[in-house]
Structure formats: C-alpha cells, structure tokens
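>>> pasted the sequence and its predicted model underneath.
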Amino acid sequence: MEEKDKAAAGLRSPEGKARDRVGSTDPYGFQRPKHFDYELYEELMSEYLVVLTRRSIKWSKLLKGKSKVSRNVKLKRYVRKGIPNEHRALIWMATSGAQDQLEKNPGRYQSLLRAQHDPKLAETICTDLNRTFPDNVQFHKTSNPCLQKALYNVLLAYGHHDPAVGYCQGMNFIAGYLLIITKDEEKSFWLMDALLGRILPDYYTPAMLGLKTDQEVLGELVRAKIPGVWRTMTDNSVMWTLVVSRWFICLFIDVLPVETVLRIWDCLFYEGSKILFRVALTLIQHNQALIEKARSLPDVCENFKQITQGPFVEDCQAFMKKIFIEPGSLSTATLTKLRGTCRSRCVAEES
C-alpha cells in the first residue's frame, strides 16, 4: 500500500504530471533518459511550439507547395531560424546539392543494392546495427517498420558507392538520423553523399585526415579567441581529439539534445562545416570559467562532458542565436588558411 501511495504522490507532483503530458518517448522515437527533466522540457517546449507554429506558417508561404527551392539570402535566414520538421527532407536535399545528385544519377542507389556485395563490408555493418540507437523505438526489431533494414541498405550502398570511405563507426548514427527525418532510403543515401563527400571530406576515410585536421583547427581557433581555455588544455596536456572527437565524427549526435542537433544540421547542410566550429566555440566560450577550473586531465574531460548538458543546450532557439554571435567573425578564408597549416602538421605527425 505504501508503494502505491508513493506512486500516486509522484503522479500528483508537478514532475509526475509533466511526465504524463510529455510522454516517455520524444517525437523522433527516442526514449527519454532516466533523469530527464520533464518540467524544464515542458517549459521550453511551451515557448518553442509558439515559435515553431509561427515559422511553419512562414515556411508554407515561402514554399507555396513547391518541390524545388533556390539558395538565396532569404532562404539562408529562414534556415538559421529553423526548418519545420515536415519540410526538413526537402530543404536538406535542396541546399546540400543532394537533390541535384539524385536527379543526375537516376537508379544509382537501387543498382548499388542489386550489385554483388563485399561480404566483409556487409558483416561490419551488421555488427553495428544493434548498437545504433538502442534507445529509439523505430530501430527496435519489434517496430513496424523497423529502420534497421533501411539503415543496413543505406550503409551498404554507400560503402560500395565510395570505396575510399567504405564504412566506419559513426556513419551508422548519421545514416540513422537521416532515416528518422527523411523516412526515405534513397534520400538518406544522397544526403550521406553530400555530407561525407563534399561537406566533410576525409572525415571518414581510414586515415581520417579531415577529422584530425579540423580538431587541430578548433584548437587554433580556441588559442586565438579563448586563450584561457587553450592554456588549460596545454597545462594539463589534453589533446583536442580526447574531448571533441565525438562532436565532429557524430556531428553532435548523442552529444547534444536531438532538437538542437537537428537545428545544427539545418545550417550544416546549407552553410557547410563552418557551423561545426561555431557550435564548438560557443559551447567552449560559454563555459570558459568551468573549463578553466580544471586542474588535471580527468577534470578537463569531465568538464567537457558537463558543457553539453543543461538548459543552455536544451533551449535550441536561444542556442542557435548564440552560435552566430558568441564566436564572432569566422571567415571561410581564415578556416582555409588554418586547415592548410593544420593538415600539413597532421601529415607530418603521421609520417
């Protein structure tokens, strides 16, 4: 009887009521974690839903039932303010160049699936299927449809499409997110092609030179913009790859809240990899004081975990405004120059 009373009290509490209203699974199929703050989420979403409704009306007027859109200043502004979920697949495909590639290569995806498959590639992908979003109901084998088969198809086709990349861990999470949003294998495949082939070249090749380079570039940007944090990293002998590799290789999946990740991806498909640096710099700059408290390598690692949690990143609307203000100027010319220097350094270290 005592246990029942406790349960009833839990339901009567604000937290219990919020849990009932919000539900234990998010709109994308992810089961909410054990210590999820239902009250904070409900408070943020009550404000964000108003914004979403307003943005949805504006997007509907902009698109007017069109199946094609052109890149322009107005569209860029709209993308930065967030793409309603019902339009995400269309806009991601259009702004990334994926739609153009799909139209230029009709039947390419289906022919890759029909072709003879490399058994080693297929086996490696199969090994990772059950590890991909075990907390998402759409990937459970009992789900109908279960996205595991679609995930396998997209990864297998991509592995044969780009043999220099093949398959590596991290790609499964990216393909999984694309499938959740597009609900379409072929579109997910061509969005993978845009991300891995053009937006983030050499991130997923065996040497991962693009990934290593960009982690070093972030270090140089922190040295210039947030020198106190750079000193903390240097004093404690912490390599950037130790604290930010998951940020870059998983494009903030399982690092930041789902809604925030999707807002980042809206801009990533339009503006390219520069967005990853803006997000990383904002997280570091906003939490500079906490990071600088670290007195050892484990302290630094723990503080970097903390900076990806809490209200600052949960409020995706406010967070996305910050990424275009807090880091200040970040020109393509600066990034290109830094990448050249850092890439040479990475190659020298490998040889």
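It's in. Numbers count the residues shown, from 1 in each chain.

>>> let me see the ranges of the helices in the stretch 151-300 of the chain.
If DSSP state H, counting those that start in this stretch is used as the criterion, the helices of the stretch 151-300 of the chain fall at 171-182, 185-192, 209-225, 227-235, 240-249, 258-271, 274-286, 288-292, 297-306.

>>> quick one: the second one to helix 258-271, angle?
Orientation note: helix 185-192 sits at an angle of 70 degrees relative to helix 258-271 (axes from the mean of the first three to the mean of the last three C-alpha atoms, to 10 degrees).

>>> one step back: could you dump the helices of the stretch 151-300 of the chain to a markdown table with mean neighbour count?
C-beta here means a position set from N, CA and C on the backbone, and glycine is covered the same way. A markdown table is the format used below for the helices of the stretch 151-300 of the chain (neighbours: other C-beta atoms under 10 Å):
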| stretch | mean neighbour count |
| --- | --- |
| helix 171-182 | 23 |
| helix 185-192 | 26 |
| helix 209-225 | 20 |
| helix 227-235 | 16 |
| helix 240-249 | 19 |
| helix 258-271 | 22 |
| helix 274-286 | 22 |
| helix 288-292 | 16 |
| helix 297-306 | 15 |
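
>>> of these, which approaches residue 201 most closely?
Proximity to residue 201, assessed across the helices of the stretch 151-300 of the chain by C-beta to C-beta, is greatest for helix 209-225 (5.3 Å).

>>> can you tell me what sits against that closest one?
Identification of contacts with helix 209-225 by C-beta atoms under 8 Å, 6 or more residues apart in numbering yields 200-204, 229-230, 233, 240-241, 244-245, 248-249, 273, 276-277, 280-281, 284-285, 327-328, 330, 335, 338-339, 341-343, 345-347, 350.

>>> can I get the helices of the stretch 151-300 of the chain in TSV with mean pLDDT and distance to residue 320?
Output for these, formatted as TSV (pLDDT from 0 to 100; distance: least, C-beta to C-beta, whole Å):
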stretch	mean pLDDT	distance to residue 320
helix 171-182	98	17
helix 185-192	98	20
helix 209-225	97	19
helix 227-235	97	22
helix 240-249	95	16
helix 258-271	97	5
helix 274-286	98	9
helix 288-292	97	20
helix 297-306	96	21
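
>>> so where's the protein uncertain?
Scanning the chain for pLDDT under 70 picks out the ranges 1-16.

>>> by contact count, what packs against the top helix by length along it?
Among the segments of the chain that qualify as a helix by DSSP state H, the longest is helix 38-63. Here helix 38-63 touches helix 14-22, helix 73-80, helix 85-96, helix 311-314, helix 316-323, going by 3 or more C-beta pairs under 8 Å, 6 or more residues apart in numbering; DSSP states H and E.

>>> a markdown table for those, including distance to residue 154?
Output for the helices and strands packed on helix 38-63, formatted as a markdown table (distance: least, C-beta to C-beta, whole Å):
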| stretch | distance to residue 154 |
| --- | --- |
| helix 14-22 | 31 |
| helix 73-80 | 24 |
| helix 85-96 | 14 |
| helix 311-314 | 28 |
| helix 316-323 | 26 |
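
>>> which one of these lies closest to residue 47?
Across the helices and strands packed on helix 38-63, residue 47 has its closest neighbour in helix 316-323 (7.8 Å, C-beta to C-beta).

>>> identify each buried residue in the helix or strand just after that closest one, please.
Next in sequence after helix 316-323, counting helices and strands by DSSP states H and E, comes helix 332-350. Burial within helix 332-350, assessed by neighbour count using 16 or more other C-beta atoms under 10 Å, is assigned to 334, 335, 338, 339, 342, 343, 346.
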